[in-house]
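Visitor: please work out how this folds:
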Amino acid sequence: MSNPGYLVLSALLQYPEPELVADVAQIDALLMEQKAEWRASLQGLLAHIGKTPLIDLQQEYVLTFDRSPGHSLHLFEHIHGESRDRGQAMVDLLAEYSRHGLQMVGDDLPDYVPLFLEFLSQQDEEEAERLLGDAIHVLAHIGRKLRASGIPYACVFELLQTQTAVQ
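Guide: All right, here's what the predicted structure looks like:
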């Protein structure tokens, strides 16, 4: 795995499970060791996850990402909504994943941000930056909406913007 930091970001954007809360200190240690420059950006979210009861984290997550379309973690929803173009974009993204050796398992749609970040974690630095550049305008849009709503997850999207020259 070339970019373990992207895997950390993927984990932080998934539905909060007990394992995530239990692993906050390990995530912090991994960031200090391998992605120290990311650590400061993520401290607020890590602290929020570490001090908020799990049930509250889960309720916040559902309200933020599942019940607020403007914060959706599906990239193409922000571009295509529910139009037919979204289906073709999904097919194209699946083909990109396949070209790079990622075989999807589970029920997540290919444009699910945590899955995309997991995919980036498997790429070398240059390829991850290129692929991130293709999606950064949508990720930045989500981040701005989260920041405007005072949602602690905004820092993940802001950090992603610093990883590519395309802003």
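Visitor: how about the helices in this protein?
Guide: 4-12, 18-22, 24-34, 36-51, 54-61, 75-80, 84-99, 113-121, 125-148, 154-161 (DSSP state H).
Visitor: so, low pLDDT: which residues of the chain?
Guide: Scanning the chain for pLDDT under 70 picks out 1-2, 80-81, 83, 104-106, 165-167.
Visitor: ranking the helices of the chain by burial, who's on top?
Guide: Mean neighbours per residue, mean count of other C-beta atoms under 10 Å, is largest over those for helix 113-121, with a mean of 22. All C-beta atoms are positioned from the backbone trio N, CA, C, and that covers glycine.
Visitor: returning to that earlier point: could I get the helices of the chain in JSON lines, plus columns for distance to residue 107?
Guide: Shown next, in JSON lines, are the helices of the chain (distance: least, C-beta to C-beta, whole Å):
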{"stretch": "helix 4-12", "distance to residue 107": "16"}
{"stretch": "helix 18-22", "distance to residue 107": "19"}
{"stretch": "helix 24-34", "distance to residue 107": "25"}
{"stretch": "helix 36-51", "distance to residue 107": "24"}
{"stretch": "helix 54-61", "distance to residue 107": "17"}
{"stretch": "helix 75-80", "distance to residue 107": "16"}
{"stretch": "helix 84-99", "distance to residue 107": "13"}
{"stretch": "helix 113-121", "distance to residue 107": "11"}
{"stretch": "helix 125-148", "distance to residue 107": "21"}
{"stretch": "helix 154-161", "distance to residue 107": "22"}
